[in-house]
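Q: predicted model and sequence follow; I will ask about them next.
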Amino acid sequence: VAALYAQTYGQGIDELDEDGCVWVHHGSTDGNYEDRVQSSTDLLNEVQALYAQQYGHAADDLDEDGCIWSQTDACGNFCDNTELQPLQVALDTVKAPFYKNYGHDVDVE
């Protein structure tokens, strides 16, 4: 089995890295190093552009947890965005009893 593996993959089955993986090189050695690097860079740029097109942000915008941070500006008691107005009304409805019970806004410490 070991001889067939070596014949098929070009290296011995005992040639494992520290993680227990055998690294097998796939690809062409045609062309010089700079051409291969440029080709890989072009493919990476294409994938990054497709990712940004699909998800609306660059992959580099993700933090170490895979989250995107965004900042929104406060709109006070009135929002111009009609999609946010129902949320603002619901928030005001919840804040009103708090103010009645405690005598101050929930936002004030």
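A: Perfect, thanks for sending it.

Q: average pLDDT for stretch 96-107?
A: Mean pLDDT, computed over stretch 96-107, is 85.

Q: equivalent analysis for stretch 67-78, please.
A: For stretch 67-78, mean pLDDT rounds to 62.

Q: what does stretch 82-93 give?
A: For stretch 82-93, the mean pLDDT works out to 83.

Q: that one: which residues count as buried?
A: By neighbour count on 16 or more other C-beta atoms under 10 Å, the buried set for stretch 82-93 is empty. To be clear about C-beta, it is placed using only N, CA and C from the backbone, and glycine gets the same treatment.

Q: what about residue 44, how many neighbours?
A: As a burial measure, residue 44 scores 10 neighbours (other C-beta atoms under 10 Å).

Q: give me the three-state assignment for it.
A: Three-state call for residue 44 (DSSP: H, G, I helix; E, B strand; the rest coil): helix.

Q: tell me the confidence at it?
A: Per-residue confidence (pLDDT) for residue 44: 91.

Q: ok, now which ones touch it?
A: If you count contacts by C-beta atoms under 8 Å, 6 or more residues apart in numbering, residue 44 has none.

Q: for it, give its distance to residue 60.
A: Computed with C-beta to C-beta, to the nearest Å, the distance linking residue 44 and residue 60 is 12 Å.
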